[in-house]
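1. 3D, please:
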Amino acid sequence: MAGMALCLASQAFGATPTPSCATDPASRQLDFWLGSWAVGAAGSAPNAHSKVYLALDQCMVVESWDGGRGHRGENMLAYSADDKSWHGLFVDNEGRVHVFWNGKASPGAAEFTGPSSGSDGASVINRVKIVRISTDKVEQIWEKSTDNGATWSTAFRGEYSRTGP
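-> Numbering: from 1, shown residues only. Presented below is the predicted three-dimensional model:
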């Protein structure tokens, strides 16, 4: 009841409703990545698969991937209208969890960064870039820095080739 009263009160006082994720251009910036994909290293045959779709009334982009040999994961990305930034959570079935606090996107490209710890406990910065190469090709690059962003090493570079809508 309190929630309904608050909603009605905000409407009565003329508060502007938040635009739907389905129609908010900022929330639609990763739509180029939606679909089914074969994933492989640049220049080699694909050996992994990915499906990228929308969830939660089109407010969240989900990548469900199978890297082969039993390695699977889910990546969830969403635009926050509150702080005008993208955020992400990447989780795999081997117990790895990566949180991306800082994200920015434009039509055709996105970049996410977030901290983690290396196997030795040292601080690591993770940076993931998702770039549209063409209608049917997307590249994802995951880089890591152990020197606070002075240098980066590539942990993953995948070429996505569209296999379906």
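2. what about residue 88, how many neighbours?
-> Counted with other Cβ atoms under 10 Å, residues neighbouring residue 88 total 23. Where C-beta positions appear, they are placed from N, C-alpha and C, glycine not excepted.
3. for residue 102, see how far away it is.
-> Applying Cβ to Cβ, to the nearest Å, the value for residue 88 to residue 102 is 10 Å.
4. overlap of the contact sets of these two?
-> With contacts taken as Cβ atoms under 8 Å, 6 or more residues apart in numbering, the residues that reach both residue 88 and residue 102 are 112, 114.
5. if I look at residue 135, how far off is residue 82?
-> 32 Å.
6. all strands of this protein, in order?
-> 35-40, 48-55, 60-66, 72-80, 85-92, 97-106, 109-117, 123-134, 137-145, 153-164 (DSSP state E).
7. could I get those strands in CSV, plus columns for distance to residue 21 and mean pLDDT?
-> Formatted as CSV, these follow (distance: least, Cβ to Cβ, whole Å; pLDDT from 0 to 100):
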stretch, distance to residue 21, mean pLDDT
strand 35-40, 18, 96
strand 48-55, 8, 97
strand 60-66, 8, 97
strand 72-80, 8, 97
strand 85-92, 12, 96
strand 97-106, 14, 94
strand 109-117, 16, 95
strand 123-134, 18, 97
strand 137-145, 21, 97
strand 153-164, 23, 94
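8. redo these as CSV? Include distance to residue 19.
-> Shown next, in CSV, are those (distance: least, Cβ to Cβ, whole Å):
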stretch, distance to residue 19
strand 35-40, 24
strand 48-55, 16
strand 60-66, 16
strand 72-80, 11
strand 85-92, 16
strand 97-106, 16
strand 109-117, 20
strand 123-134, 23
strand 137-145, 26
strand 153-164, 29
